[in-house]
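Q: Need coordinates for the following:
(one chain, ligands or ions: 3)
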Amino acid sequence: MPGTDTIAAIATAAGAGGIGVVRLSGPRAKAIAETICGRRLRPRHVHYARFTDDAGETLDDGIALYFAAPASYTGEDVVELQGHGSPAVLREVLSRCLALGARIARPGEFSERAFLNGKLDLVQAEAVADLIAAGDARAARAARRSLDGVFSRRVDALADLLLRLRVHVEAAIDFADEPLDTLGGDALRSGLARAQDDLDALLVEAERGRKLRDGLHAVIVGPPNAGKSSLLNALAGSERAIVSDVAGTTRDLLRETVRVDGVELTLVDTAGLRAGGDAIEREGMRRAEAELGRADLAIVVLDGREVEAGRAAVAEAIADVPQRLWVFNKSDLAAAPAAAGENEVWVSARTGAGLDALHARLRALAGLEADGVDGSFSARTRQVDALRRARQELVAARQLLDRDRLELAAESLRLGHDQLGEITGRVAPDDLLGHIFSTFCIGK
Ligand SMILES: Nc1nc2c(ncn2[C@@H]2O[C@H](COP(=O)(O)OP(=O)(O)OP(=O)(O)O)[C@@H](O)[C@H]2O)c(=O)[nH]1
Ligand SMILES: [K+]
Ligand SMILES: [Mg+2]
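A: Residues are numbered from 1 along each chain as shown. Ligands and ions are numbered 1, 2, ... in the order given. The predicted structure follows:
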């Protein structure tokens, strides 16, 4: 049961530091800390104290802070013991907490308790982890906005709207003899249309928030010798992949995380696609195709002198990838046309020509060029997927309503409503919670 025992952990990062914090939460937090400090603690006061062992010998000295339930991070009694940031000393202070009846906290357990006690919803709790892990200032600001409830409020507003529409449909079911039009059918239909518009807008923003958090998963594909590995090296700014004039050089997948103008890209170099090849090369192609199945973006590299043959070679493999960027390489050898299509760039991985234009296209494809990016919130795949499922249910409900299938429409709306509830954790299966909080760091 949450909240019945007292948990403790070192809350500061591993390693030596100026200050280190041991954090306690639970009903015995105050008593344990008062024993260690040898003094009474008042809520929201700064106490200077000596932290002592069971023989009364000083382990460290520092500051004790006590937050009385429910006005604390977890909603329980919380104490922070701030001492010197020595791993050895922190371990001793933590051991003392455990000897006095606390147990060691699991990863994310403080935040899990905050969630279970209603201090944070699930989106906000996940935003705590995202804020801690943010790779740059923009991702941190986006996580901060989710933590402040910007995303949750949008989801809640949509859930409220769906709930009102559900009530309306359920009421209409009770008067099934009358035509829907006499039962406010127009208002219902326009309410559903508005809900879908709101959901579509939220999906676009959430998808952008997900890219801010996760970066873009881009797979480099193309025929052998087109210059895929050369392009990876050019984007990474180092000789990560082996380049040679032998077709079939790359066999295994090679991953590299690069930052292009503030966009985090996971680039995956792959084996060239062609008919035939030996068993190892064919396994490489199979891996390339599997990787494409998870890609946000296919960066299709073709030799600029063999564009048509190249397009034909990759057509099947990239058919289901959501976005493509065509890179016609070796512009130093080929005659590039004066104008290229929107998602086409001519480059030379060898001379570096055209790489600026390629960067610009990658930024645009990451969705980070649009207005308002600086006001966006962070999101996770889990949340985006739930929004998509909610959208499917909403679309289904509208179609069912048009065919006067009120009961089925009501059921679709209920399912859509549940999906929104799962985002913020108002409807949350236990295994989902376990999965989410186990990925947190200890002490948070
Ligand atoms: N002239 C010129 N040569 C290039 C350019 N890019 C790559 N090459 C050459 O093309 C050959 C193949 O390059 P790779 O990067 O190994 O090509 P790949 O697509 O990774 O090949 P596989 O891994 O075998 O499928 C090498 O000899 C490169 O030096 C370019 O922009 N211009
Ligand atoms: K090659
Ligand atoms: Mg290669």
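
Q: Parallel or antiparallel, list what pairs with the helix or strand that contains Ala8.
A: Here Ala8, judged by DSSP states H and E, is contained in strand 7-10. Strand 7-10 has the following strand partners under DSSP bridges: strand 17-25 (antiparallel), strand 103-104 (parallel).

Q: Contacts for that strand, please.
A: Contacting residues not belonging to strand 7-10 are listed as 20-26, 32, 90-91, 94, 97-98, 102-106, 109-110, 113, 442-443 [CB atoms under 8 Å, 6 or more residues apart in numbering]. (Glycine included, C-beta is placed from N, CA and C.)

Q: and the stretch 101-250 of the chain, which of its residues are near ligand 3?
A: Within the stretch 101-250 of the chain, the residues that sit near ligand 3 (CB under 5 Å from the ion) are Lys228, Ser229, Thr249, Thr250.

Q: ok, now which ones touch the third one?
A: Read it as Thr249. Pro224, Ser229, Ile242, Val243.

Q: For PyMOL, write a command that selects the buried ones of those.
A: In PyMOL, a selection of the buried entries from the contacts of Thr249 looks like this (16 or more other CB atoms under 10 Å):
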select buried, resi 224+229+243
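
Q: ok, so of the contacts of Thr249, who is nearest ligand 3?
A: Nearest to ligand 3 among the contacts of Thr249, counting by CB to the ion, is Ser229 at 3.2 Å.

Q: State the helix or strand in which the closest one lies.
A: Counting by DSSP H and E, Ser229 is part of helix 228-236.

Q: Could I get the CA-only coordinates of that helix as CSV?
A: The C-alpha trace of helix 228-236 is given here as CSV (Å, rounded to 0.1, in the frame of the first residue of the first chain):
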residue,chain,number,x,y,z
LYS,A,228,24.7,6.8,-47.2
SER,A,229,27.6,6.3,-44.8
SER,A,230,29.4,9.4,-46.2
LEU,A,231,26.3,11.4,-45.5
LEU,A,232,26.0,10.0,-41.9
ASN,A,233,29.6,11.1,-41.4
ALA,A,234,29.0,14.5,-42.8
LEU,A,235,25.9,15.1,-40.6
ALA,A,236,27.7,13.7,-37.5
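
Q: at contact distance from ligand 1, anything in that helix?
A: Yes - Helix 228-236 reaches ligand 1 (CB under 6 Å from any ligand atom) through Lys228, Ser229, Ser230.

Q: For that helix, name the packing helices and strands.
A: strand 216-221, strand 254-260, strand 263-269, strand 297-303, strand 323-329, helix 355-365 (3 or more CB pairs under 8 Å, 6 or more residues apart in numbering; DSSP states H and E).

Q: And the residue of this protein closest to ligand 2?
A: For the chain, CB to the ion, closest residue to ligand 2: Thr249, 3.6 Å.

Q: Now do the SS call for that residue.
A: What DSSP: H, G, I helix; E, B strand; the rest coil gives for Thr249 is coil.

Q: so how far is the helix holding Ser229 from its chain's centroid?
A: 26 Å (CA atoms, centre = their mean, to the nearest Å).

Q: what's the angle from that helix to strand 216-221?
A: Angle between the axes of helix 228-236 and strand 216-221 is 150 degrees (criterion: axes from the mean of the first three to the mean of the last three CA atoms, to 10 degrees).

Q: between the contacts of Thr249, which is closest to Ala334?
A: Pro224 (17.1 Å; CB to CB).

Q: Dihedrals phi and psi, the spatially closest residue to Gly17 that is not a sequence neighbour?
A: Of all residues not flanking Gly17 in the chain, Gly85 sits nearest, at 3.2 Å (CB to CB, 6 or more residues apart in numbering). The phi and psi values for Gly85, taken as degrees, to the nearest 10, are phi -90, psi 50.

Q: With the one 5 residues further on instead?
A: Taking degrees, to the nearest 10, you get phi -60, psi -40 for the backbone angles of Leu90.

Q: That one touches Gly83, doesn't it?
A: Yes - using CB atoms under 8 Å, Leu90 makes contact with Gly83 at a distance of 7.0 Å.

Q: Give the intersection of the neighbour lists for those two.
A: By CB under 8 Å, 6+ apart, the residues touching both Leu90 and Gly83 are Gly20, Val22.

Q: Enumerate every residue touching the closest residue to ligand 1 within the stretch 151-300 of the chain.
A: Using CB to the nearest ligand atom, Gly272 is the residue of the stretch 151-300 of the chain that sits closest to ligand 1, at 2.7 Å. Gly272 makes contacts with Gly222, Pro223, Pro224, Asn225, Ala226, Lys228, Ala247, Gly248, Thr250, Met285, as judged by CB under 8 Å, 6+ apart.

Q: Lys119 too?
A: Pro70, Tyr73, Thr74, Gly75.

Q: now Ala159
A: Ala159 touches His417, Leu420, Gly421, Thr424, Arg426, counting by CB under 8 Å, 6+ apart.

Q: One more pass at 6 Å, please.
A: Leu420 (CB atoms under 6 Å, 6 or more residues apart in numbering).

Q: Could you say which helix or strand holds it?
A: Assigned by DSSP H and E, Ala159 falls in helix 150-173.

Q: Report the buried residues of that helix.
A: For helix 150-173, by 16+ other CB under 10 Å, it's 150-152, 154-156, 158-159, 161-162, 165-166, 168-169, 172.
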